[in-house]
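# Sequence and computational prediction follow.
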Amino acid sequence: MTNALDTTPSTIDRIRHDLVGLKMPRALEALDHIVRRLEQGEIAALEAMDILLSEELTLRENSRIKTALRMGRLATIKTLAGFDFSFQPSLDRDRIFTLAQLGFVARCEVVHLLGPPGTGKSHLAIALAVEAVKAGKSVYFCTLAELIAALARAEREGRLQERIRFFCRPALLVVDEIGYLPVVHGGGNLFFQLVNARYEKGAMILTSNRGFAEWGEVFGDPVVATALLDRLLHHAVVVQIEGSSYRLRQHAELMPEHLRSKASITPPTLNPPSRPRGRPPKNGHPSAIP
């Protein structure tokens, strides 16, 4: 009588051959160990199949995540588990973990993380982006300065719309460090065009050390700032972080007293400004704001 569990060399060889043909390297690597457990009666046939497939699936999923993180420019990985919520009591931990469920991505909303420098805004933004990657969402991370530089270069080369389409592809676009560096002349117009193209079509996470009332100064044009906020606050979640520097928490006793203060940034406007009629002025820049 033929054994129902045929693990003869010829059968194993055929399985190995098939795994190579199917490009299942992890399953091939685990095969001998699983067969030994099967022969010793430690696991049943269906369980052996389940383990074999799970090993391969885990490898592929890890590879997918690694590739997606690299393509999304998430070189430094931060996680919510690695964030010290006890150091920032102003943060609602449950609210952050609700954001990690990614409903805001599905609803194409904008998450604003506002607070003084060093309070953990970028950490949280990257951690939420990592959660999105794990869930199979496409993500792209950049600073505002990098984004505007890329758009300005594309405009000079006659490829602006193509570049805007590129930045519209990710389900989640993270723009870090708004307000840290001066925005080049015409940069606000370029950023507006991208924001307008993603409006109600793709989610964003923005981090800034400046309150919304200061965005006119940040972008060098109050009209452009108003047009930006009109869209960025329409479907938005605003998280304001108040407190000392998260990065320097282990050296707080060495910091001067004035740097340990818990000064907050200007609170956000509760009601978004009304949408201006017509187009904001070009300010001498060839890119008109639609």
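Arrived safely, thanks for sending. Numbers count the residues shown, from 1 in each chain.
# which is the next helix or strand following the helix or strand hosting Ala227?
Taking DSSP states H and E as the criterion, Ala227 maps to helix 222-232. Using DSSP H and E, the helix or strand that follows helix 222-232 in sequence is strand 236-240.
# in its sheet, what does that next one sit against?
Strand 236-240 pairs in its sheet with strand 110-114 (parallel), by DSSP bridges.
# Pull the number of nearby residues for Leu52.
Per other CB atoms under 10 Å, the neighbour tally for Leu52 reads 20. Yep, even glycine has a C-beta here, placed from its N, CA and C like the rest.
# so how far is Ala27 from it?
5 Å (CB to CB, to the nearest Å).
# before we move on, what about Phe104?
In this view, Phe104 and Ala27 are 37 Å apart by CB to CB.
# swap in Gly118?
Distance, Gly118 to Ala27, using CB to CB: 46 Å.
# what's the answer for Gly202, then?
Applying CB to CB, the value for Gly202 to Ala27 is 37 Å.
# Neighbour count: these two, which is higher?
A direct count of neighbours by other CB under 10 Å for Gly202 and Ala27 places Ala27 higher, at 23 against 19.
# for the closest residue to the more buried one other than its chain neighbours, what are its contacts?
Spatially, and ignoring its direct neighbours in sequence, Ala27 is nearest to Glu56 (4.1 Å; CB to CB, 6 or more residues apart in numbering). Listed by CB atoms under 8 Å, 6 or more residues apart in numbering, the contact set of Glu56 reads Met24, Pro25, Arg26, Ala27.
# where's Glu56, which helix or strand?
Assigned by DSSP H and E, Glu56 falls in helix 45-71.
# now swap in Val174 and tell me
Secondary structure from DSSP H and E places Val174 in strand 172-178.
# Please name every helix or strand in contact with that strand.
Applying 3 or more CB pairs under 8 Å, 6 or more residues apart in numbering; DSSP states H and E, we find strand 172-178 packed against helix 121-134, strand 139-143, helix 144-156, strand 203-208.
# With Val195 as the reference, name the closest of the ones you listed.
Val195 lies closest to strand 203-208 among these, at 7.8 Å (CB to CB).
# Tell me the strands beside that closest one, with direction?
Partners of strand 203-208 in its sheet, by DSSP bridges: strand 110-114 (parallel), strand 172-178 (parallel).
# what's the longest one in contact with?
Contacts of strand 172-178 from elsewhere in the structure, counted by CB under 8 Å, 6+ apart, are 105, 121-122, 125-126, 128-129, 132, 137-145, 147, 167, 198, 202-210, 218.
# hmm, try it at 7 Å
When contacts are defined by CB atoms under 7 Å, 6 or more residues apart in numbering, strand 172-178 is touched by residues 105, 122, 125, 129, 132, 137, 139-145, 147, 167, 198, 202-208, 210, 218.
# got the CA coordinates for it in PDB?
C-alpha atoms of strand 172-178 as PDB (Å, rounded to 0.1, in the frame of the first residue of the first chain):
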ATOM      1  CA  LEU A 172      -0.100  59.200   1.800                       C
ATOM      2  CA  LEU A 173       2.300  62.100   1.200                       C
ATOM      3  CA  VAL A 174       4.300  63.300   4.300                       C
ATOM      4  CA  VAL A 175       5.700  66.800   4.200                       C
ATOM      5  CA  ASP A 176       8.100  67.500   7.100                       C
ATOM      6  CA  GLU A 177       9.600  70.700   8.500                       C
ATOM      7  CA  ILE A 178       7.200  73.400   7.300                       C
END
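# i'd like the first residue to be 417 from this point on
All right, first residue 417 from here; so that's strand 588-594.
# Starting from that strand, tell me the next helix or strand along the chain.
Next along from strand 588-594, by DSSP H and E: helix 603-614.
# Give me the angle between that next one and strand 588-594.
Put simply, helix 603-614 runs at 160 degrees to strand 588-594, going by axes from the mean of the first three to the mean of the last three CA atoms, to 10 degrees.
# next one: helix 603-614 to chain centre, how far?
Its chain's C-alpha centre and that of helix 603-614 lie 19 Å apart, by CA atoms, centre = their mean, to the nearest Å.
# tell me what it is packed against?
helix 560-572, helix 576-584, helix 638-648 (3 or more CB pairs under 7 Å, 6 or more residues apart in numbering; DSSP states H and E).
# so which of those helices is the most packed in?
helix 638-648 (a mean of 21; mean count of other CB atoms under 10 Å).
# roughly how far is that one from the heart of the chain?
Chain-centre distance of helix 638-648: 23 Å, with CA atoms, centre = their mean.
# and of the contacts of Glu472, the nearest to Leu649?
Arg442 (46.6 Å).
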